[in-house]
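1. Can you look at this prediction? I've put the sequence above it.
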Amino acid sequence: MGKGMKAGAFVAASMFAFAAVASTPLNAADNTIVMPMQKSEEGKQALFKMSMRKLWAEHVIWTRSYIVATLAGSKDAHEVEFRLLRNQVEIGALFAPFYGQESGTKLAELLTQHILIAGEVVKLAKKPTSAKFLDADKRWHDNAAEIATFLSAANPNWSKDMLQTMFNDHLALTTKQATSRLKKQWAADIAAFDEVYVQALLMGDDLARGVIKQFPDKI
């Protein structure tokens with residue numbers, strides 16, 4: 001993705017705000033941080049689910065924006081990239097109150113690697129049989145396996161196989177968007193985004209349910 005931007009450096013810089021972001025969930029309607037207003041357990045759980053959905057929806061929305069900007073050679077590609085990378089830190093922050101700040105940071109780093117490699121995949125998608133594309137794609141799937149291993153070890157309610165299938169489906173649909181757009185197959189491009197958007201919401205739901213089941217006293 002952006003020149004000179006390294007996953008570790010980005011995450012390190014973002015950690016100044018990490019503790020504040022991790023302490024409360026994101027409002028599902030905007031980018032502000034709010035304290036839960038609901039008194040009931042059901043209300044708190046609903047807010048947590050909405051926060052999880054919001055962040056994974058933003059994950060695919062900003063990924064799409066990056067694909068469009070990069071393939072079009074748009075001047076805002078770097079700013080879009082930075083906003084997309086911020087989303088990975090925000091996802092890590094949502095997990096931190098339950099698994100600790102170190103684990104939240106680790107997840108943010110793994111997701112940042114996911115985005116950085118995705119940028120390579122998008123840029124190399126014009127030559128999907130090239131050695132460079134195949135190498136990037138392999139590293140992308142290896143990263144997905146690492147995320148699945150990390151999360152399944154943290155929560156017994158998430159199986160590694162389920163998570164790996166989930167992330168591999170996410171990668172396939174993201175690649176489908178990029179290749180459809182390159183081929184100017186606009187209907188297929190839009191359909192792929194519709195698919196990955198729904199899949200992201202389901203992913204968020206699965207992850208939220210796992211956290212709630214593991215930490216019923218915290219939510």
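-> Cool, got the structure. Numbering: from 1, shown residues only.
2. so where's the chain uncertain?
-> 1-41 (pLDDT under 70).
3. all helices of it, in order?
-> 7-14, 18-23, 41-72, 77-99, 101-124, 131-154, 160-182, 186-214 (DSSP state H).
4. Reformat these as a markdown table; add mean neighbour count.
-> For glycine as for every other residue, the C-beta is placed from the backbone atoms N, C-alpha and C. Output for the helices of the chain, formatted as a markdown table (neighbours: other C-beta atoms under 10 Å):
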| stretch | mean neighbour count |
| --- | --- |
| helix 7-14 | 16 |
| helix 18-23 | 16 |
| helix 41-72 | 19 |
| helix 77-99 | 21 |
| helix 101-124 | 21 |
| helix 131-154 | 16 |
| helix 160-182 | 19 |
| helix 186-214 | 17 |
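5. measure the residue nearest the centre of the chain to residue 132 for me?
-> Among the residues of the chain, the one closest to the centroid is residue 59, at 4.6 Å (C-alpha atoms, centre = their mean). As for residue 59, its distance to residue 132 is 25 Å (criterion: C-beta to C-beta, to the nearest Å).
6. cool, residue 83 as well?
-> 26 Å.
7. now swap in residue 49 and tell me
-> Taking C-beta to C-beta as the measure, residue 49 and residue 132 are separated by 40 Å.
8. Kindly report the same for residue 142.
-> Distance, residue 142 to residue 132, by C-beta to C-beta: 16 Å.
9. Residue 107 too?
-> 28 Å.
10. Residue 191 too?
-> 28 Å.
11. Mind listing residues that contact stretch 66-75?
-> 1, 76-77, 80-81, 84, 119, 122-123, 174, 177-178, 181-182 (C-beta atoms under 8 Å, 6 or more residues apart in numbering).
12. Nearest to residue 43 among the residues you listed?
-> Nearest to residue 43 out of the contacts of stretch 66-75 is residue 84 (C-beta to C-beta; 30.7 Å).
13. quick one: that closest one and residue 63 touch, right?
-> Yes. The pair residue 84 and residue 63 qualifies as a contact (C-beta atoms under 8 Å) at a distance of 6.2 Å.
14. shared neighbours, the two?
-> Both residue 84 and residue 63 are in contact with residue 115, where contact means C-beta under 8 Å, 6+ apart.
15. Any chance of the contacts of stretch 66-75 in TSV with distance to residue 92 as columns?
-> TSV is the format used below for those (distance: C-beta to C-beta, whole Å):
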residue	distance to residue 92
1	18
76	25
77	24
80	20
81	18
84	14
119	19
122	23
123	25
174	20
177	24
178	25
181	29
182	31
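16. quick check, nearest of the residues you listed to residue 103?
-> Proximity of these to residue 103 (C-beta to C-beta) peaks at residue 84, which lies at 21.8 Å.
17. I'd say residue 200 and residue 57 touch.
-> Yes. If you go by C-beta under 8 Å, residue 200 and residue 57 touch, sitting 5.8 Å apart.
18. show me what contacts residue 58?
-> 87, 90.
19. let's go with 7 Å and repeat that
-> Counting by C-beta atoms under 7 Å, 6 or more residues apart in numbering, residue 58 makes contact with residue 87.
20. Any figure for the gap between it and residue 84?
-> Using C-beta to C-beta, residue 58 is found at 9 Å from residue 84.
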